[in-house]
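# Could you work out the structure for the sequence below:
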Amino acid sequence: MRLEFPRTILALAAIRDLDITQFGITSAYLHGTLTEEVYMEQPEGYVAPGKKDWVWHLRRALTG
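Reported below is the predicted structural model:
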């Protein structure tokens, strides 16, 4: 993860004496809307029992 952007935001807040009440970098894009069809294989360690060969159609954006 590149930390330049969060550090810049924090530096600007410190310079301008602003309060930061919430800073949710990790969940910023979890609820993004997809504009295209996206399918993914099940990640290792998270395979649903009886559905080993299935792929999943994503309705929301994922990160990580």
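# show me where pLDDT drops low in this protein?
Within the chain, the ranges that satisfy pLDDT under 70 run 1, 3, 23-32, 62-64.
# if you go through this structure in chain order, where are the strands?
Taking DSSP state E, the strands of the chain run over residues 39-41, 55-57.
# Would you map the helices across this protein?
Using DSSP state H, the helices of the chain run over 4-15.
# that older thread, mind putting the strands of the chain into CSV with distance to residue 2 and mean neighbour count?
No exception for glycine: its C-beta is placed from N, CA and C like everyone else's. Converted to CSV, these look like this (distance: least, C-beta to C-beta, whole Å; neighbours: other C-beta atoms under 10 Å):
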stretch, distance to residue 2, mean neighbour count
strand 39-41, 23, 9
strand 55-57, 28, 11
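# how about TSV for these, with distance to residue 21 added?
Listed next are these as TSV, based on distance: least, C-beta to C-beta, whole Å:
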stretch	distance to residue 21
strand 39-41	34
strand 55-57	35
